[in-house]
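the sequence and its predicted three-dimensional model are supplied below.
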Amino acid sequence: MNVGQAIKLCRTRRGISQADLARQAECSVSYLSMLENNKRDPTLSTMTKIAHALHMPVGIIFFLGAEGDDLTGIGKSLQGDLARTALELLNEPVSDQRPLL
């Protein structure tokens, strides 16, 4: 699982700086940088704050960070469809999105 890469992907697609995301997620920039570089593993509460700041469901961030056998049981076609949909969500303006569940 490469959650750090997924956080960075979502953050850069949203056009948010590390400083802005760290402030919104109530963590330090250095901690966020360590997360993005997979030098630390985030807690679920931190991931929830990051996901909320990115206007993305936390499950989508975990999905985007999946690698190798992390998604066994889900067909490759469905994996591709889910990935495309998740990336499309990142391209939508935040104000046009439905509230997070």
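That came through fine. Numbers count the residues shown, from 1 in each chain.

which pLDDT does the model give residue 93?
Note for residue 93: predicted pLDDT of 75.

what is the burial count for it?
8 (other Cβ atoms under 10 Å). All C-beta atoms are positioned from the backbone trio N, CA, C, and that covers glycine.

so what's the backbone phi/psi at it?
phi -60, psi 140 (degrees, to the nearest 10).

would you map the helices across this structure?
Using DSSP state H, the helices assigned to the chain run over residues 3-14, 18-24, 29-36, 44-54, 58-64, 76-91.

so which of those is the most packed in?
Comparing the helices of the chain by mean neighbour count (mean count of other Cβ atoms under 10 Å), helix 3-14 ranks first with a mean of 20.

that helix relative to helix 44-54, how many degrees between them?
Here the directions of helix 3-14 and helix 44-54 differ by 20 degrees (axes from the mean of the first three to the mean of the last three Cα atoms, to 10 degrees).

so what secondary structure elements neighbour helix 3-14?
helix 29-36, helix 44-54, helix 58-64, helix 76-91 (3 or more Cβ pairs under 8 Å, 6 or more residues apart in numbering; DSSP states H and E).

show me where pLDDT drops low in the protein?
Within the chain, the stretches with pLDDT under 70 are 95-101.

try it again at 80.
68, 92-101 (pLDDT under 80).

report the central residue of it.
Centrality entry for the chain: nearest residue to the mean C-alpha point is residue 61, 3.3 Å, by Cα atoms, centre = their mean.
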